[in-house]
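*Asks:* No letters, just coordinates:
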């Protein structure tokens with residue numbers, strides 16, 4: 001009977017190739033450092049008002065900072081939490097609920113802003129018109 005090769009390599013407690021590990025650590029450090037420096041430069045630009053009074057430019061820069069932060073978070077989870085080495089089903093089990101949670105937050109913020117703008121629209125004439133007024137207990141009882 002011949003010895004068949006296993007589908008996966010044998011588990012060994014021997015240290016991994018040191019050169020590959022060191023190279024991966026330096027690559028991770030450089031990528032995260034570059035993303036952080038870009039975020040800091042853009043944020044410092046907002047603090048120093050490099051973008052003037054242009055609300056569109058400020059909103060764009062804030063969006064870029066958010067995207068870079070998400071990319072950095074993805075990379076950190078992939079490398080340091082070893083999620084990048086897992087099978088696709090496990091990754092989807094973690095990522096899909098996270099995306100749904102982010103979508104819920106965005107939907108609630110959108111709905112809250114819509115409600116606030118509608119409230120401002122309908123309360124223009126008389127701001128106290130739609131607000132509840134606290135009554136003394138004697139006025140609320142039937143005689």
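*Replies:* Alright, I've got the coordinates. Since the structure is predicted, the reported quantities are computational estimates derived from the model, not experimental observations.
*Asks:* Which of the helices or strands spans the residue nearest the centre of the chain?
*Replies:* The residue lying closest to the centre of the chain (C-alpha atoms, centre = their mean) is residue 70, at 5.4 Å. Using DSSP states H and E, residue 70 sits in helix 55-80.
*Asks:* relative orientation of the helix or strand hosting residue 46 and helix 55-80 in degrees?
*Replies:* If you go by DSSP H and E, residue 46 is part of helix 18-47. Helix 18-47 runs at 160 degrees relative to helix 55-80, counting by axes from the mean of the first three to the mean of the last three C-alpha atoms, to 10 degrees.
*Asks:* how much distance is there from helix 18-47 to the middle of the chain?
*Replies:* How far helix 18-47 lies from its chain's middle: 18 Å, per C-alpha atoms, centre = their mean, to the nearest Å.
*Asks:* model confidence over it, on average?
*Replies:* Throughout helix 18-47, pLDDT has a mean value of 88.
*Asks:* starting at the chain centroid, how far to the helix or strand that contains residue 106?
*Replies:* Assigned by DSSP H and E, residue 106 falls within helix 88-122. Relative to its parent chain, helix 88-122 has a centroid offset of 11 Å by C-alpha atoms, centre = their mean.
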